[in-house]
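A.B. asks: kindly return the folded structure for what I paste below:
(one chain, ligands or ions: 1)
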Amino acid sequence: MGIEIRLEGIRVQKGGREVLAVDELVVRGSEVWALIGPNGAGKSTLLEVMALLEEPDRGRVFYDGHKIDYRRALFWRRRMAVVFQEALLLDTTVFNNVALGLRFRGYPRSVIKDKVEHWLEVFRIGNLADRPARCLSGGEAQRVSLARAFVLEPQVLFLDEPFAALDLPTRSSLIEELHYILRQTGITAVFVTHDFTELPFLADHVAALQGGRIIQRGTPGHILRRPASIELAGLVGISNILPGEAWLQGGTVRVRLQGGVTLLAGTRLNGRVVACLRPEEITLQAPDTSAPAANVLRGCIRRIVPRGSLCRIELDCGIPLVAETGIHQLRQEGLTPGKEVLAAFPPDAVHLIPA
Ligand SMILES: Nc1ncnc2c1ncn2[C@@H]1O[C@H](COP(=O)(O)OP(=O)(O)OP(=O)(O)O)[C@@H](O)[C@H]1O
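C.D. replies: Below is the predicted model:
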């Protein structure tokens, strides 16, 4: 079972100004949390406070209900592991890098051998055991770094952008492995990421930071669909961020966008807003002659930009819109630049943020 971490009234100053102000945060045992936010938001500082690498200027940190005394934190540090973006390996073999922590802890040789070999296999680097760490690729080095963390059987794991420097296939396969291992082991885990696509695979909970404060917390689905700020909306891949004026009419919310188009929205707000619409919420249909319906806009495909197995489709519907679809659907529907289409999306997909 993973360790529960509780923060209370945390304040951290750097360079003469407050860079972190978190009144309360509880990460329960075995939960996996992601910290997201723009550059300089305080994610790494928060991770370092949680991992006992940085003592806050004010506030208290509890592990499993015990208030941390930083002079006696070794007891808890032995139950945690930290993985950084840079693998930070020693200039020796892969085996020795992974074995190092166990040797420090005085495990017998045979136990060390079994444990190291097990975790090298789990991260599919058993064949690299005798390879000098300096001769590894970035992805291999990051696998070694993860094996070195897991071999210590920590109860809590902290990861600061561990996949940021990796290519897409390596990142995808490492995330899949990590997802499986975290669920199997029940370790509490907290990771910092800039990549919103990692969230649904890895995290149960997300804390979004801005200006040193947690401005929103929730499930990955909630944060991706209903971000609390315009900056966060851009960060989680919402490519349609459209200014307008919202008003309530009966039970529905309408928003008149700059450009004159009126949409039904799923957030109860009045006044100046920005409407956020995820590109994958838009379905494209062939134009027909039926009466116009709510949130069905007639438009024209301006540009198609392939992105792996997906395509970004730029539309002119009286307002600029970006949709996303699979290559298969693109071919099936014969979608090409210049083609007329109907762009449809449900009111619930239109999230409003006060402007
Ligand atoms: N040693 C320092 N002296 C002064 N300011 C610092 C120092 N270290 C960090 N900061 C500032 O503290 C704030 C929070 O930094 P932090 O590294 O926690 O942000 P972050 O969200 O992890 O950013 P990034 O996504 O760019 O890594 C930033 O504004 C940063 O400039």
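
A.B. asks: surely residue 269 forms part of a helix?
C.D. replies: No: going by DSSP: H, G, I helix; E, B strand; the rest coil, the assignment for residue 269 is coil, not a helix.

A.B. asks: what's the neighbour count on the nearest residue to it once chain neighbours are set aside?
C.D. replies: Computed as CB to CB, 6 or more residues apart in numbering, the closest residue to residue 269 that is not its neighbour in sequence is residue 352, at 4.5 Å. No exception for glycine: its C-beta is placed from N, CA and C like everyone else's. The tally of other residues near residue 352 (other CB atoms under 10 Å) stands at 22.

A.B. asks: OK, contacts around residue 352?
C.D. replies: The contact partners of residue 352, by CB atoms under 8 Å, 6 or more residues apart in numbering, come to 246, 253, 255, 265-267, 269, 273-276.

A.B. asks: so which of those residues comes closest to residue 104?
C.D. replies: Among these, residue 276 lies closest to residue 104 (CB to CB), at 49.2 Å.

A.B. asks: distance of the residue nearest to residue 269 relative to residue 227?
C.D. replies: Remark: distance between residue 352 and residue 227 (CB to CB, to the nearest Å) = 11 Å.

A.B. asks: hey, what's in contact with both of those two?
C.D. replies: By CB under 8 Å, 6+ apart, residue 352 and residue 227 have these common neighbours: residue 276.

A.B. asks: got the residues of the stretch 201-350 of the chain near the ligand?
C.D. replies: Counting by CB under 6 Å from any ligand atom, no position of the stretch 201-350 of the chain is adjacent to the ligand.

A.B. asks: so, low pLDDT: which residues of this structure?
C.D. replies: 289, 291-292 (pLDDT under 70).

A.B. asks: helices along that one, start to end?
C.D. replies: With helices called from DSSP state H, the chain shows them at 43-50, 74-77, 94-104, 109-122, 138-150, 168-185, 199-202, 220-225, 230-235, 327-332.

A.B. asks: neighbours around whichever residue of the chain sits closest to the ligand, how many?
C.D. replies: Nearest to the ligand, among the residues of the chain, is residue 15, at 2.9 Å (CB to the nearest ligand atom). Counted with other CB under 10 Å, residues neighbouring residue 15 total 5.

A.B. asks: now swap in the one 10 residues further on and tell me
C.D. replies: Here the neighbour count serves as a burial measure; for residue 25 (other CB under 10 Å) it reads 20.

A.B. asks: that one and residue 217: what is the separation?
C.D. replies: Counting by CB to CB, the gap from residue 25 to residue 217 is 8 Å.

A.B. asks: give me the common contacts of those two.
C.D. replies: Shared contacts of residue 25 and residue 217, defined by CB under 8 Å, 6+ apart, comprise residue 207.

A.B. asks: what's the span of stretch 73-90, first residue to last?
C.D. replies: 25 Å (CA to CA, to the nearest Å).
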